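K.L.:
Please work out how this folds:
(one chain, ligands or ions: 1)
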Amino acid sequence: MIRDENIERAAEQVNAVLAGQLRAPHVKAFFHEPTFTATYVVSDDATRRAAIIDSVWDFDQPSGRTSFESADAIIAYVREQGLTIDWILETHAHADHLSAAPYLQEQLGGKLAIGREIVTVQGVFGKIFNEGTEFARDGSQFDRLLEDGETLMIGEIPLIALHVPGHTPADMAYLVGDAAFIGDTMFMPDYGSARADFPGGDARKLYRSVRRLMRLPDQTRVFLCHDYKAPNRDTFVWETTMLAERTANVHLHEDVSEDQFVEMRTQRDATLDMPRLILPSIQVNMRGGHLPPPEEDGHSYLKVPVNVL
Ligand SMILES: [Fe+2]
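P.N.:
Down below sits the predicted model:
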């Protein structure tokens, strides 16, 4: 197998938790049913330091109105638990919900981070939305751009950032202790994988990213960005294990070859509608969760490019 120091170090970190040498983080999930998104607050029990991963800013498309109901539930939890937020993380620029990161940061503090390749996403979508020069494509809307293998601390528990492109060029997974937040790569074993047909997506890269994640130990706790329920399942589930993914993921279990996956994924993606909120989501999330700058009347407007996507 090819040497991959960062994933090997990540696997060692999980083993350290299993051996009792490193504390496991506490993970609290908040599921947002309108967009099927799981937001996580991951914390170190001993130091009460924490990170928030993939938050949701409620958006009602027909009226164009936003609200902070979901984010406020997270803020209430953080305060009640006496947690200090050090990091607000995005696994990628989501296409199905708006991020509440700026609001959470204003209320709770912490630094906003995303993968370095967000600059590629900003380049692609800056063109699609015909943004002017005021839209910076250098990731400067975020406090920190993470590279593969970079380590942050959640109190005394390390978080290793892993670049797992495919769904988008910028996707990251975050391994905190033994808990892997894998974003939009795999979903529950009975549901399969994320789509790879957005501008900049690549099914072949997604396959390789998932095979890389599967080098983490069987007992790794795996937390998903979404759950859509699967046929024959009537409850939402967003946590599984790497063993379950490796042996039973319907799209990506260990016997599926790269070509088989690419063929399946490409055919399936051709049948999928665009996510309901893709246009507002991308315009906000590529700006780190901010609306476009207000026009002369003081209001922000979101664009609908006609016949472009
Ligand atoms: Fe996504």
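
K.L.:
Quick check, pLDDT for the residue in the chain positioned nearest to the ion.
P.N.:
Among all residues of the chain, Asp184 sits closest to the ion, at 3.8 Å; criterion: C-beta to the ion. C-betas here are computed from N, CA, C, even on glycine. Residue-level confidence at Asp184 comes out at 97, pLDDT.

K.L.:
Is it in contact with Ala93, as I believe?
P.N.:
No - under the criterion of C-beta atoms under 8 Å, Asp184 makes no contact with Ala93, lying 10.5 Å away.

K.L.:
which stretches of the stretch 151-300 of the chain form strands?
P.N.:
151-154, 157-163, 172-176, 179-181, 221-223, 239-241 (DSSP state E, counting those that start in this stretch).

K.L.:
Please identify the most buried of the ones you listed.
P.N.:
Mean neighbour counts were taken over those using mean count of other C-beta atoms under 10 Å, and the top value, a mean of 28, falls to strand 172-176.

K.L.:
What strands flank that one, and is each parallel or antiparallel?
P.N.:
Using DSSP bridges, the strands paired with strand 172-176 are strand 157-163 (antiparallel), strand 179-181 (antiparallel).

K.L.:
I'd like the ones you listed written out as CSV, with mean pLDDT and distance to the ion added.
P.N.:
Shown next, in CSV, are those (pLDDT from 0 to 100; distance: least, C-beta to the ion, whole Å):
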stretch, mean pLDDT, distance to the ion
strand 157-163, 98, 15
strand 179-181, 98, 13
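
K.L.:
which one of those lies closest to Gln219?
P.N.:
Each of the strands paired with strand 172-176 was scored for nearness to Gln219 using C-beta to C-beta, and the closest is strand 179-181 (10.9 Å).

K.L.:
wait, which of the strands of the stretch 151-300 of the chain is closest to Arg204?
P.N.:
Each of these was checked against Arg204 via C-beta to C-beta, and the shortest separation belongs to strand 157-163, namely 15.2 Å.
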